[in-house]
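S.K.: no sequence on this one, just coordinates:
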């Protein structure tokens, strides 16, 4: 079996609002194989857009890793992306 196309491991995102930490993503793990489709659903304010921004390399996680074809994109510079 081939390795997954996209892997997210322990992805966390914390925003600061009015001086307080707001945990938006709390350790997301997912794996997507080539050819698979997925749907991200949930109530408003649960981090769906934040997760998609991170998976699409528009934002960085506070911690954790995102790999595409085995390459950790959280460690790439903007020009490498």
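M.R.: Happy to help now that I have it. Bear in mind the structure is a predicted one, so any value in this text is a computation, not a measurement.
S.K.: ok, the closest residue to residue 23 other than its chain neighbours to residue 58 distance?
M.R.: Counting by Cβ to Cβ, 6 or more residues apart in numbering, residue 23 lies nearest to residue 14, which is 5.6 Å off, once chain neighbours are set aside. Every C-beta, even on glycine, is put in place using the N, C-alpha and C of the backbone. Separation of residue 14 from residue 58 (Cβ to Cβ, to the nearest Å) stands at 17 Å.
S.K.: neighbouring contacts of stretch 8-17?
M.R.: Contact partners of stretch 8-17, identified using Cβ atoms under 8 Å, 6 or more residues apart in numbering, comprise 21-31, 47, 50-51, 54-55, 59, 61-67.
S.K.: out of those, which are inside helices?
M.R.: Those of those mapping onto helices are 50-51, 54-55, per DSSP state H.
S.K.: By neighbour count, which of those wins?
M.R.: residue 54 (25 neighbours; other Cβ atoms under 10 Å).
S.K.: Just give the closest residue to that residue, not the sequence neighbours.
M.R.: Nearest non-adjacent residue to residue 54, counting by Cβ to Cβ, 6+ apart: residue 61, 5.3 Å away.
S.K.: Give me the neighbour count for that neighbour.
M.R.: 22.
S.K.: for it, what are its contacts?
M.R.: 11-13, 25, 54, 74.
S.K.: Could you tell me the model confidence score at it?
M.R.: Note on residue 61: pLDDT of 97.
S.K.: Then the one 5 residues further on?
M.R.: Residue 66 is assigned a predicted lDDT (pLDDT) of 97.
S.K.: Am I right that it is in contact with residue 54?
M.R.: Yes. Assessed by Cβ atoms under 8 Å, residue 66 is found in contact with residue 54 at 6.5 Å.
S.K.: Residue 74 belongs to a strand, doesn't it?
M.R.: No. Assigned with DSSP: H, G, I helix; E, B strand; the rest coil, residue 74 falls outside any strand and is helix.
S.K.: All set, thanks.
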